[in-house]
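Novice: everything below, folded, please.
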Amino acid sequence: MNFKGGVGKTSLSVNIAAALALDLQKNVLLVDCDPQSNASIWLLGIRRWLQLRPEQSVCSMVQFPAPPIFDIVVKSVVQSDQGAVIIRPLDLIPAVYDWLDAEPNAGPPPYISFFQSLMSIESNYDFIIFDCPPNLYWQAQCALFSSTEIYVPCNPDELSRIGLDLLDRKLRQFQSDSRQVSRNISGYTFPIVRGIIFNAVNQSARTDSQDRISEKVRNLKEQSSVFDPDSLVFQISVRQTVQAGQAVHEERPVILDRQKSRLREDYLTLAQYIANLPVPRRG
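Specialist: Numbering: from 1, shown residues only. Next up, the predicted model:
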């Protein structure tokens, strides 16, 4: 999650999910909560994505009556042009453009029905990853409320450092706004920021902004209820390259391309690091 656009939320979500599934053999569900649907188009390919109806997408999770969530999960989503499964343990709940204009049902906040629907399949997966839009409107609230931990992609620049204060303020506000309803959910805990991921880093030079972001995180984890006191600005970063954009055009995660070895290694190292962190559990 980051309210700044262009920081690599989708590329990190897609490739960390793919690395966890392919290299670490984890059962992974990627939930596309961004109305732009970029993660869905990337993994499905434009042809399969265009065939989706709103009721076959994340939109149905906030409607009533909602179809069984099993009906909207695209199993083993990454396939060859001939339909052969490439990454078996990676599933997707896709988004479509209708997600932008979807009208949740009257009654409880939409993030409650979303959370309840998702919890019915939570035990099927080792990791559920949400690709979020650059805001905290109700679509992003659905992802946030259902999460246990938050990772913040950042470019190594001053705008990213300034944006951390806004993120902290918005997260704490939503924590307060959702507290009353969350008290009715046994064992519920609000997610915490576990780390900042530097993306699109020039490997030949460390900027002063990276040091200032590190200092900002140190301050936030001492003062904020939504920053894990043990939060890290990861030493692992993802290098600046055009290859991620090429992978979108090829409709394949970077993690599948052994020729993109350095970029692939960045994503894999990050996935391994996240997989080895103590995972917050509900209840």
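Novice: buried ones in the helix or strand harbouring Tyr151?
Specialist: Following DSSP states H and E, one finds Tyr151 within strand 149-154. The neighbour-count check on strand 149-154 (16 or more other C-beta atoms under 10 Å) flags 150-154 as buried. The C-beta positions use only the backbone N, C-alpha and C, and glycine is treated the same way.
Novice: what's the closest of the residues you listed to Lys75?
Specialist: Closest to Lys75 out of the buried residues of strand 149-154 is Tyr151 (25.2 Å), distances taken as C-beta to C-beta.
Novice: now do the same for that closest one: its pLDDT.
Specialist: Per-residue pLDDT puts Tyr151 at 95.
Novice: equivalent analysis for Asp157, please.
Specialist: 84.
Novice: give me the nearest residue to it, chain neighbours excluded.
Specialist: Once flanking residues are discounted, Asp157 sits nearest to Ser209: 5.0 Å by C-beta to C-beta, 6 or more residues apart in numbering.
Novice: phi and psi next, for that neighbour.
Specialist: Main-chain torsions, Ser209, degrees, to the nearest 10: phi -60, psi -40.
Novice: if we can go back for a sec, which strands and helices lie in contact with the strand holding Tyr151?
Specialist: Contact here means 3 or more C-beta pairs under 8 Å, 6 or more residues apart in numbering; DSSP states H and E; on that basis strand 149-154 packs against helix 9-22, helix 158-177, strand 192-201.
Novice: mind putting these in CSV, distance to Gly45 included?
Specialist: Shown next, in CSV, are these (distance: least, C-beta to C-beta, whole Å):
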stretch, distance to Gly45
helix 9-22, 13
helix 158-177, 31
strand 192-201, 24
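Novice: deepest of those, which one?
Specialist: Stretch with highest mean neighbour count among the helices and strands packed on strand 149-154: helix 9-22 (a mean of 26; mean count of other C-beta atoms under 10 Å).
Novice: the lowest-mean-pLDDT helix or strand in the chain: what's the following helix or strand?
Specialist: Least confident helix or strand, the chain: helix 243-250 with a mean of 62, by mean pLDDT, DSSP states H and E. Counting by DSSP H and E, the element after helix 243-250 in chain order, helix or strand, is helix 261-276.
Novice: could you give the angle of that following helix to helix 9-22?
Specialist: The directions of helix 261-276 and helix 9-22 differ by 70 degrees, with axes from the mean of the first three to the mean of the last three C-alpha atoms, to 10 degrees as the criterion.
Novice: so where is this protein shaky, pLDDT-wise?
Specialist: Residue ranges of the chain with pLDDT under 70: 203-207, 241-249, 259-260, 279-283.
Novice: which one's the longest strand in it?
Specialist: For the chain, the strand that runs over the most residues, judged by DSSP state E, is strand 227-239.
Novice: so for it, what gets flagged as buried?
Specialist: Under the neighbour-count criterion of 16+ other C-beta under 10 Å, strand 227-239 has 227-228, 231-234, 236-239 buried.
Novice: give the contact list for Arg258.
Specialist: By C-beta atoms under 8 Å, 6 or more residues apart in numbering, the residues touching Arg258 are Arg264.
Novice: oh, that last question was meant for Arg194, not what I typed.
Specialist: Arg194 touches 149-151, 228, 231-232, 277, counting by C-beta under 8 Å, 6+ apart.
Novice: hmm, 10 Å instead?
Specialist: 148-152, 227-228, 230-232, 234, 274, 277-280 (C-beta atoms under 10 Å, 6 or more residues apart in numbering).
Novice: returning to what we had before: and the strand holding Tyr151, how far from the chain's centre?
Specialist: 8 Å (C-alpha atoms, centre = their mean, to the nearest Å).
Novice: quick one: strands adjacent to that strand?
Specialist: As defined by DSSP bridges, the strand partners of strand 149-154 come to strand 192-201 (parallel).
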